[in-house]
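Colleague: for reference, the sequence and a predicted model appear below.
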Amino acid sequence: MYFGFPGNDVLGLKRYFIPEDDGFRIVTVQEEDDILERNKAEYNEYSHPQFGTMRKVASVPIALYFELKRRGILDDWNELKKWLNDPDNRFFRTAPGKL
């Protein structure tokens, strides 16, 4: 059974109640398709900023953000750069280049 919470449409979150022998468990999933499509569009429309300006280089689903935080990657700039530069994570990038 699906159960929605206010504001979940913005993040693309859905919660499901899964019956189990001794009760139920709640599973939260996030649709990533919209985020990945938006990342692809931003990547393809990217124009190089002037030197010294800040730029957005990636966008990740909230669930992945918390996973990266749990693993300590968000707290270590070198590990974060390594993760963002990894070809396996290219769909989260919004700008070309190497960090």
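Modeller: All right, it came through fine.
Colleague: going forward, measure contacts and count neighbours with C-alpha atoms only.
Modeller: Will do.
Colleague: next, count neighbours for residue 94.
Modeller: By other CA atoms under 10 Å, the residues close to residue 94 number 21.
Colleague: okay but it is in contact with residue 48, surely?
Modeller: No. Look at residue 94 against residue 48 with CA atoms under 8 Å: they stay out of range, at 11.9 Å.
Colleague: state the pLDDT value of the residue most central in space within the chain.
Modeller: Centroid-nearest residue in the chain, with CA atoms, centre = their mean: residue 60, separated by 1.7 Å. Note on residue 60: pLDDT of 90.
Colleague: separation between it and residue 41?
Modeller: Separation of residue 60 from residue 41 (CA to CA, to the nearest Å): 14 Å.
Colleague: repeat for residue 34
Modeller: Counting by CA to CA, the gap from residue 34 to residue 41 is 11 Å.
Colleague: using PDB, write out every CA atom in the lengthiest helix in the chain.
Modeller: Assignment by DSSP state H gives helix 33-44 as the longest helix of the chain. What follows is helix 33-44, C-alpha atoms only, in PDB (Å, rounded to 0.1, in the frame of the first residue of the first chain):
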ATOM      1  CA  ASP A  33      14.400   9.900 -13.400                       C
ATOM      2  CA  ASP A  34      13.500  13.600 -13.100                       C
ATOM      3  CA  ILE A  35      16.700  14.400 -11.300                       C
ATOM      4  CA  LEU A  36      18.800  12.600 -13.900                       C
ATOM      5  CA  GLU A  37      17.000  14.100 -16.800                       C
ATOM      6  CA  ARG A  38      17.400  17.600 -15.300                       C
ATOM      7  CA  ASN A  39      21.200  16.900 -14.700                       C
ATOM      8  CA  LYS A  40      21.500  15.800 -18.300                       C
ATOM      9  CA  ALA A  41      19.900  19.000 -19.600                       C
ATOM     10  CA  GLU A  42      22.000  21.200 -17.400                       C
ATOM     11  CA  TYR A  43      25.200  19.300 -18.500                       C
ATOM     12  CA  ASN A  44      24.300  19.700 -22.200                       C
END
